[in-house]
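> Provided below are the primary sequence and the corresponding predicted coordinates.
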Amino acid sequence: MKKEEVAQIAGFDLAKLTEIDYMSYVTNFLIALAIFVIGRWVVKMVVKGIRKVLDRNKTDDMLADFICSLLSALGTLVVVIAALNRLGVDTTSLVALIGAAGLAIGLALQSSLSNFAAGVMLIVNKPFDAGDYVEAGGVSGVVEDVHIFSTTLRTPDNKSVIVPNGQIYESSITNYSNRKRRRIDLVMGIGYEDDIKKAKQLMTDIMQADKRILPEPAPVVAVHELADSSVNFAVRPWVKTEDYWAVYWDLLEGFKLSFDENGISIPYPQQDLHVHKVE
């Protein structure tokens, strides 16, 4: 490499360079180049090793990609600063500038960073998986995708709702799918003049005839409340999670048909109006 080329790259005036200065600058330039090349190789190997560890621990692909990209960018930045420092460039102001820029960007993207942090926590803690039916962030639906900044839910009427991760993580999360069994909670009312034991037996027979209702824990039928216009029964059968709504609807229909056939009434709110004629 000629003196003129080295001087031009390093930004120095060739006329002011002595032979010793020239050799010093060439040496520093070659060392800086070596720092950059070797540093980049080391960063690449470290990131590759971390990716293998993440894959071995079955870390979510999206989170693993983000972590590796972030480490690669930070490692490259450190290598560049080290190389510039070897060339004699004052990196103190550069580091301060990068810090100030990072602070400004952080303040400008505060809400996005909050969603990002919540997304990382959702991916790491996994309160739900894709395909689970959840209630989170004020929205109920099936989880389709969990991204770094937002989560997509599919509502029962087949609408896609994109919810910011911060909104989800800051509220309570109800997962209806992560348990194999669920309890159906029904309240059935009959009239005060109806036979309580007969009504209870009718509901018990219907549940025993439904093979989808689990024998353990045993279904419960009990008088729950003596209300204003009805005697209310608490009906508590256990079913598999995937059978919940089908059994729920079938029980309501079966109870109503059975009550009608056996003369059991289901009261509804009503008012009696008494008219008095004043002479």
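Structure's in. What do you need?

> that's a strand at residue 120, yeah?
No: secondary structure assignment (DSSP: H, G, I helix; E, B strand; the rest coil) places residue 120 in helix, not in a strand.

> wouldn't it be in contact with residue 147 here?
No: look at residue 120 against residue 147 with C-beta atoms under 8 Å: they stay out of range, at 11.1 Å. Any C-beta I mention is one placed from the backbone N, CA and C, and that applies to glycine too.

> so for those two, which residue has more residues nearby?
Using other C-beta atoms under 10 Å as the criterion, residue 120 and residue 147 rank with residue 120 on top: 18 against 15.

> any idea how far the more buried one is from residue 224?
45 Å (C-beta to C-beta, to the nearest Å).

> low pLDDT regions in the stretch 1-150 of the chain?
Along the stretch 1-150 of the chain, the parts satisfying pLDDT under 70 run over 1-23, 59-63, 66, 89-91, 93-112.

> switch the cut-off to 50
In the predicted model, the stretch 1-150 of the chain carries pLDDT under 50 at residues 2-3, 6-7, 9-12, 14, 17, 109.

> which residues of it fall in strands?
For the stretch 1-150 of the chain, strands defined by DSSP state E, counting those that start in this stretch occupy the ranges 133-136, 139-146, 150-154.

> contact partners of the shortest one?
Going back to what we said before, that points to strand 133-136. Residues lying outside strand 133-136 but in contact with it, judged by C-beta atoms under 8 Å, 6 or more residues apart in numbering, are 128, 140-143, 151, 153, 163, 168, 171-177.

> go with 7 Å
Applying C-beta atoms under 7 Å, 6 or more residues apart in numbering, the external contacts of strand 133-136 come out as 128, 142, 143, 168, 171, 173, 174, 175, 176, 177.

> in the sheet, who's paired with residue 139?
residue 136 (DSSP bridges).

> show me what counts as buried in stretch 76-91.
By neighbour count on 16 or more other C-beta atoms under 10 Å, the buried set for stretch 76-91 is 76, 79, 80, 83, 84, 85, 86, 87, 91.

> residues near the closest residue to the third one other than its chain neighbours, how many?
Computed as C-beta to C-beta, 6 or more residues apart in numbering, the closest residue to residue 80 that is not its neighbour in sequence is residue 36, at 7.0 Å. By the criterion of other C-beta under 10 Å, residue 36 has 17 neighbours.

> run the chain-centre distance for stretch 114-125.
Relative to its chain's centre, stretch 114-125 lies at 7 Å (C-alpha atoms, centre = their mean, to the nearest Å).

> on that earlier part again, ok, the contacts of strand 133-136 vs residue 265, which is closest?
For the contacts of strand 133-136, the closest approach to residue 265 (C-beta to C-beta) belongs to residue 176, at 33.6 Å.

> and the gap between the closest residue to the closest one other than its chain neighbours and residue 168?
Nearest-residue entry for residue 176: residue 133, 4.6 Å, with adjacent residues in sequence omitted and distances by C-beta to C-beta, 6+ apart. Separation of residue 133 from residue 168 (C-beta to C-beta) stands at 14 Å.

> wait, the residue nearest to residue 80 touches residue 79, no?
Yes: contact criterion C-beta atoms under 7 Å: residue 36 and residue 79 qualify, at 5.9 Å.

> quick check: buried residues in the helix ranked longest in the chain?
In the chain, taking DSSP state H as the definition, the longest helix is helix 19-56. Neighbour-count burial for helix 19-56 flags 22, 25, 29, 32, 35, 36, 39, 40, 43, 47, 51, 54 (criterion: 16+ other C-beta under 10 Å).

> which residues are in contact with the nearest residue in space to the last one that is not next to it in sequence?
Counting by C-beta to C-beta, 6+ apart, residue 64 is the residue found nearest to residue 54 once chain neighbours are left out, at 4.2 Å. Taking C-beta under 7 Å, 6+ apart, we find residue 64 in contact with 51, 54, 55.

> okay then, goodbye and thanks.
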